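Asker: here you go, sequence then predicted model.
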Amino acid sequence: MRVLKDVIDQILAVSTNEALNAELKGIQYDIGFTAPENMPIQWNLTSEALQDHIPNPAESDETLEILSIFSTMPKEEIRKATQQY
């Protein structure tokens, strides 16, 4: 099972988007106070933050890397999926 705190740490290591990083750090802080049965809420909040701050996943290698970390999909697969629309 993936640990959201670790996923956010990996994203923060590659992200240069200050607004996204601040939101992810807030979610990461809240994880410490979240009951295990409510962790899906934190995953959803992380997904929403990524959607808000990365409207075009294929805009750069950085955004592809961030979404690859979150989704576990290879960057090329994400690029192909976003080109369909």
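Answerer: Received, thanks. What you see is a predicted model, and the numbers here were worked out from it, not measured in a lab.
Asker: report the central residue of the protein.
Answerer: In the chain, the centroid-proximal residue (C-alpha atoms, centre = their mean) is F70; its distance is 4.6 Å.
Asker: what residues are up against that residue?
Answerer: F70 is in contact with 7, 11, 46-47, 50, counting by C-beta atoms under 8 Å, 6 or more residues apart in numbering. (C-beta placed from N, C-alpha, C; glycine too.)
Asker: same check, this time on L12
Answerer: Listed by C-beta under 8 Å, 6+ apart, the contact partners of L12 are 21, 24-25.
Asker: so which elements touch the helix or strand bottoming out on mean pLDDT in the chain?
Answerer: Across the helices and strands of the chain, mean pLDDT, DSSP states H and E gives its lowest value to helix 75-83, namely a mean of 89. For helix 75-83, the elements it packs on are helix 61-71, judged by 3 or more C-beta pairs under 8 Å, 6 or more residues apart in numbering; DSSP states H and E.
Asker: figure out the helix or strand that the residue lying closest to D9 once chain neighbours are set aside lives in.
Answerer: Spatially, and ignoring its direct neighbours in sequence, D9 is nearest to Q28 (7.7 Å; C-beta to C-beta, 6 or more residues apart in numbering). Take DSSP states H and E as the rule and Q28 turns out to sit in helix 18-31.
Asker: buried ones in that helix?
Answerer: Across helix 18-31, burial judged by 16 or more other C-beta atoms under 10 Å covers 20-21, 23-24, 27-28, 31.
Asker: farthest-apart pair in these, please.
Answerer: Within the buried residues of helix 18-31, L20 and I31 form the most distant pair, 16.5 Å apart (C-beta to C-beta).
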